[in-house]
Structures are given as C-alpha cells and as structure tokens.
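Novice: Predicted model and sequence follow; I will ask about them next.
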Amino acid sequence: VNRLTDQVFYIRENDDWVLKRTQDIFNDKEVVVFGLPGAFTPTCSAFQLPKFEELYDTFKDLGIDEVYCTSVNDSFVMNAWFEQQGITKVKALPDGNGDFAKSVNMINDFTNRGFGMRSWRYCMYVKNAEIKVRYTEWVSQKHVLFKILSKYLMLKK
C-alpha cells in the first residue's frame, strides 16, 4: 500500500461528533502519523506519545503540516489519554474499528493477550495521501521510534 485509501475517522470534538475522511487529513499535506497498540498502555504512555509531543516543533520546522497519533481505540479513550498525558500539539486519530490500521497493513491480532485486534507500532511520513516512508516495529525490535525519528530527520535534510 503506497496510497492511502478512503477511511472515515469518528472524532469527538467539543461534545460533538466530527467525521473526517482520509482526504481531509492527508490530501495536499505533509503528515507524520504514528500508530500504537493502545492508549494508556505502559510503553505508549511513557515513551512514544510523549516523545512525539516533545519533537512536534522539530517536525513543524521541517515542513510537516501535522503529526497524528492513531490507535485502535475510540475517540473517548484517545481524548481521555491525551488529556491525562497533557498532549496539546500532536493530534489524536482514533481508529476504533481498526479500519485505518487494516488499510495500511498494520493490524495485528493480540487476542492471545486479551487485547483483540490492535495496531502495530509504526510511523509513516505521508505526502499528499501517499506513504513516502514507513518504519515498523515487529516483535523483536524495541524503541523503533528513535530509529524512525533519526531516519526521518536525515531524509528531510
């Protein structure tokens, strides 16, 4: 998959439902989107989400229009997690049914751990709805986001 397919994101904003489509988020933009197995999970909460928040301005300085965090969680869970973490720059992109994760081949079956279908850890640089770079964390790798960030920053130089 190089081109993002049309997906609908159900986002809760100011007590209202806002439906956004893939093209609303990615068309005519340069976007970094990173996927996580779940909100409120230890590694995602202690490392991944805070690190992208910390580096948000660096991405913006490199010409990135927006940075999104996606997880197979509903908007209520994502919003509560972002609030609990004090996240104000990175945008939540809830993928409650896992449709986006499936569309980019990043869905994983975690039912053996009682989690159901979840997203792999990954990060993508998307330009005008086309995936230009994607880094993934498979089972044996740890701290993939440091690798992602350093490789991404090298690409933009």
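Specialist: That came in fine, so what should we check first?
Novice: Run a quick neighbour tally on residue 26.
Specialist: When neighbours are counted by other Cβ atoms under 10 Å, residue 26 registers 24. Backbone N, C-alpha and C define where each C-beta goes, glycine included.
Novice: and the residue lying closest to it once chain neighbours are set aside, what are its phi and psi?
Specialist: With sequence-adjacent residues excluded and distances taken as Cβ to Cβ, 6 or more residues apart in numbering, residue 26 is closest to residue 129, at 4.2 Å. Dihedral pair for residue 129: phi 70, psi 10, per degrees, to the nearest 10.
Novice: hang on, residue 129 packs against residue 6?
Specialist: No: with contact defined as Cβ atoms under 8 Å, residue 129 does not reach residue 6; the gap is 9.4 Å.
Novice: out of these two, which sits in the busier spot?
Specialist: More neighbours surround residue 129 than the other of residue 129 and residue 6, with 18 against 9 (other Cβ under 10 Å).
Novice: how close does that one get to residue 23?
Specialist: 7 Å (Cβ to Cβ, to the nearest Å).
Novice: ok so, going back, got any residues that touch both of residue 129 and residue 6?
Specialist: 22, 23 (Cβ atoms under 8 Å, 6 or more residues apart in numbering).
Novice: which residues touch stretch 107-120?
Specialist: 35-38, 70-72, 95, 98, 101, 106, 136-138.
Novice: in the protein, which spans are helices?
Specialist: With DSSP state H as the criterion, the chain has helices at 22-26, 42-43, 49-54, 56-61, 75-85, 99-103, 144-156.
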